[in-house]
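J.: Turn this into a structure:
(one chain, ligands or ions: 2)
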Amino acid sequence: MKAVHFGAGNIGRGFIGLLLHDAGYEVVFADVDAELIAALAASDSYTVHEVGEGARDLVVDGYRAIDSRADAAALAAELADADVLTTAVGPNVLRFIAPHVLQALRDRSPGAAPLAVMACENAIDATSMLRAETERLAGPDEWIELERRAVFANTAVDRIVPGQPSGAHLDVTVETFSEWAIERPPFGDAPPRIPGAHFVERLGPYIERKLFTVNTGHASTAYFGFLAGHERIADALADASVAERVGRVLEETSALIVAKHGFTEEEQAAYRATILSRFRNAALPDTVERVGRQPLRKLGRRERFIAPAAELAERGMPVDGLLGAIEAALGFDVPADPESVELQERLRTDAAAAIVHEVCEIQPGHPLHDRLVETVARRTAS
Ligand SMILES: NC(=O)C1=CN([C@@H]2O[C@H](COP(=O)(O)OP(=O)(O)OC[C@H]3O[C@@H](n4cnc5c(N)ncnc54)[C@H](O)[C@@H]3O)[C@@H](O)[C@H]2O)C=CC1
Ligand SMILES: O=P(O)(O)OC[C@H]1O[C@](O)(CO)[C@@H](O)[C@@H]1O
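T.: Residues are numbered from 1 along each chain as shown. Ligands and ions are numbered 1, 2, ... in the order given. I've put the predicted structure just below:
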């Protein structure tokens, strides 16, 4: 069994690559970072160091590594008979992976078992986005034939993998917790065998609960923490004022999760408490700059702030805490983050309504619109 995994970064090496390796797959890492690929190709193994209660050191070996920009032929040869194709590259990068998926399907023997394609990104329906882009590139006529050669399944991935300290080489430090939920229906009776993952009938409740609790809570901690002058996530949450505001945000998103997906209040409260204790893990060297990265993406319509706030507003439920976190996100001014630079530039030059329309994609008439414009206007005026 062979898996080609795009994105040999933190989640790639520290989570998906590890689980595929442990499931018995021959893992082929594909990445555009030439230095990283050269280091992987020159190595026999790397170690995933867990930190926290019950931590273990886990060795990943037997992999190959390909520079997907420089060595398209080698990549196509690996993909042609792969069983699984996964990604952990960032949702905005999926469109650059689609040409490789298309090539893989073109080169696949029509009689072979379908390629299992799973995008492992923090985004709702990331695999569907990859599929749609692949279909667009193929065109309708060719797609009729090619789509039979793959099974596309959405997934939800959860494990905190911080930026790695210099000198770590290929080793990765991760928290002990991890969850990889994959939708089962696309596979029928034959889901891939990945013991570290679990297959679910409906992914919607899982991914929304994860995105609107873990990611909303983490990003809120990062933005409130950044404005309060904290560098590390654990320190930000130890600040009572930050913790109180994060708690308010999560009470709002929890109310939505309970109302929409039928989790009980007790279940959701326990989930929230577990997550906050993960963020407090002082052994994880995680920073507000990493967790707050790419604020424009995070302020998007289907993302961790606007999506729950819009649904709560539609239901007439409170959104004050979320609007506070959105306002804090607008204050994320980090010169090393290109999206932060662009956001700050837009706040200087654009009208609040234009930002709400173009970045958050909330239109006039929506019940969140006017309060969101007021929130953004407080930052454009300052
Ligand atoms: N780090 C974390 O704690 C978690 C991250 N995620 C998600 O996982 C994804 C990856 O995140 P990280 O691993 O943290 O980022 P990362 O930056 O450590 O790794 C991304 C990797 O993708 C590579 N890449 C970029 N463009 C590429 C392309 N066109 N083809 C092949 N490789 C390409 C980069 O060179 C890099 O090695 C994101 O969607 C993120 O939201 C999800 C859960 C947790
Ligand atoms: O690229 P993003 O969306 O910030 O993804 C990284 C985030 O995913 C998480 O690991 C949660 O699974 C957060 O800890 C982290 O901030």
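J.: C-alpha from now on. contacts and neighbour counts both.
T.: Fine.
J.: What lies in contact with stretch 84-91?
T.: For stretch 84-91, the surrounding residues in contact (CA atoms under 8 Å, 6 or more residues apart in numbering) are 2-9, 11-12, 16, 79, 115-123, 126.
J.: gap between the two ends of that stretch?
T.: 19 Å (CA to CA, to the nearest Å).
J.: avg pLDDT for that stretch?
T.: Averaged over stretch 84-91, pLDDT sits at 98.
J.: Contacts only, for Ile16.
T.: So Ile16 contacts 88, 120 (CA under 8 Å, 6+ apart).
J.: just Asn92 next, same as before
T.: Contacts of Asn92 by CA under 8 Å, 6+ apart: none found.
J.: Could you measure from it over to ligand 1?
T.: 8 Å (CA to the nearest ligand atom, to the nearest Å).
J.: where does the protein come near ligand 1, residue by residue?
T.: Neighbours of ligand 1 within the chain, by CA under 6 Å from any ligand atom: 6-12, 30-33, 88-91, 93, 96-97, 121-122, 157-162.
J.: filter these by proximity to ligand 2?
T.: 122, 158-161.
J.: Serialize those to TSV and add fields for secondary structure, neighbour count and pLDDT.
T.: Shown next, in TSV, are those (DSSP: H, G, I helix; E, B strand; the rest coil; neighbours: other CA atoms under 10 Å; pLDDT from 0 to 100):
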residue	secondary structure	neighbour count	pLDDT
Asn122	coil	22	93
Asp158	strand	20	96
Arg159	coil	18	97
Ile160	coil	23	96
Val161	coil	23	95
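J.: Can you lay out these as TSV showing distance to Val341?
T.: As requested, those are exported to TSV (distance: CA to CA, whole Å):
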residue	distance to Val341
Asn122	22
Asp158	28
Arg159	28
Ile160	25
Val161	24
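J.: circling back to that earlier point, may I see the PyMOL selection of the buried members of the residues of the chain next to ligand 1?
T.: Applying 16 or more other CA atoms under 10 Å to the residues of the chain next to ligand 1 leaves a buried subset, and the PyMOL line that selects it is:
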select buried, resi 6+7+8+9+10+11+12+30+31+32+88+89+91+97+121+122+157+158+159+160+161+162
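J.: re the thing from before, from the contacts of stretch 84-91, which land in strands?
T.: Judged by DSSP state E, the subset of these located in strands is 2-6, 115-119.
J.: SS state for Phe199?
T.: strand (DSSP: H, G, I helix; E, B strand; the rest coil).
J.: Let's check: the centremost residue of this protein is which one?
T.: For the chain, the residue lying nearest the average C-alpha position, counting by CA atoms, centre = their mean, turns out to be Asn122 (1.9 Å).
J.: how close does it get to Gly54?
T.: Taken as CA to CA, the span from Asn122 to Gly54 is 26 Å.
J.: try Pro185
T.: Pro185 is 33 Å from Gly54, by CA to CA.
J.: Could you check which of the two has the larger neighbour count?
T.: Pro185 (15 against 8; other CA atoms under 10 Å).
J.: which non-adjacent residue is nearest that one?
T.: Glu201 (6.2 Å; CA to CA, 6 or more residues apart in numbering).
J.: Just read off the phi/psi values of the one you found.
T.: The phi/psi pair for Glu201 (degrees, to the nearest 10) reads phi -70, psi -40.
J.: Now for it, how many residues are close by?
T.: 10.
J.: Looks like it contacts Arg184 (just checking).
T.: Yes - using CA atoms under 8 Å, Glu201 is in contact with Arg184, at 5.5 Å.
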